[in-house]
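>>> with the input below, show me the fold.
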Amino acid sequence: MMHVTRLPIPQELRDPECMIGPKVWLVRRIRCLAPWLVRCQRPRGCCWPHEVNWRQAAAIAVHLVRQAHTAGIPDEDIGDFVMNHVHDEHEDLDARERTAIVLLGGLDVGIQLSAPGSVWLYGDGQHRVAAQLDQGVRETIVQRMELLDPVTGLPVT
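The predicted structure is shown next:
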């Protein structure tokens, strides 16, 4: 789990328009430095990541991942745990939010960052982070990408 305001500011993407422009970048930078100065936005209809209610989805995903850790579920099985619990316990949610929760908790489909100590780059999830920043989400699930040596299984430095 990580505070969203500590994540790198998503870089501009060519499409869709909600990811580009100096105003968008400035608002996200201000939200990281002084979140109380920027009003939280509601989900909007410009694209799938911005249509999701990330405040609700991230809160449930964080809760389920913590629950999995408490239960001693191995990391590689947390995605299945999250998927099962979302469909069993949160069927009242919109399909977008259920999908978003599964994406946050799922192995290899979540928000992926390069290893700390290097330049933090997004492997996946940059647009989802942008939408969460825009909505004022405080905490989300992040996966750290780490290259392993195929022979030793140790991290490559």
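
>>> counting by contacts, list what the lengthiest helix in the chain packs against.
Longest helix in the chain by number of residues, with DSSP state H as the criterion: helix 54-70. Applying 3 or more CB pairs under 8 Å, 6 or more residues apart in numbering; DSSP states H and E, one finds that helix 54-70 contacts helix 78-89, helix 95-105, helix 126-135, strand 139-140. Placement of C-beta: from N, CA and C, glycine included.

>>> confidence-wise, which of these is weakest overall?
Mean pLDDT is lowest for helix 126-135 among these, at a mean of 85.

>>> of the helices and strands packed on helix 54-70, which approaches L148 most closely?
With distances scored as CB to CB, the stretch of those nearest to L148 is helix 78-89 (18.7 Å).

>>> so for this structure, the centremost residue is which one?
Centroid-nearest residue in the chain, with CA atoms, centre = their mean: I111, separated by 4.6 Å.

>>> wait, which of the helices and strands packed on helix 54-70 is closest to R28?
Per CB to CB, nearest to R28 of these: helix 126-135, 5.0 Å.

>>> got the buried residues for the closest one?
Q126, H127, R128, V129, A130, A131, Q132, L133, D134, Q135 (16 or more other CB atoms under 10 Å).

>>> nearest to H63, of these?
The closest of the buried residues of helix 126-135, once distances to H63 are taken by CB to CB, is Q132, at 15.8 Å.

>>> read off the pLDDT value for the residue in the chain sticking out farthest from the centre.
Centroid-distance maximum for the chain: V151 at 31.2 Å, with CA atoms, centre = their mean. If you check V151, the pLDDT there is 87.

>>> can you classify it by secondary structure?
coil (DSSP: H, G, I helix; E, B strand; the rest coil).

>>> so where is this structure shaky, pLDDT-wise?
1-2, 5, 9-17, 19-25, 115-120, 145-146, 157 (pLDDT under 70).

>>> before we move on, the earlier item: tell me the angle the longest helix of the chain makes with helix 95-105.
Helix 54-70 runs at 40 degrees relative to helix 95-105, counting by axes from the mean of the first three to the mean of the last three CA atoms, to 10 degrees.

>>> returning to what we had before: now the residue nearest to the centre of the chain. Nearest residue, chain neighbours left out?
G125 (3.1 Å; CB to CB, 6 or more residues apart in numbering).
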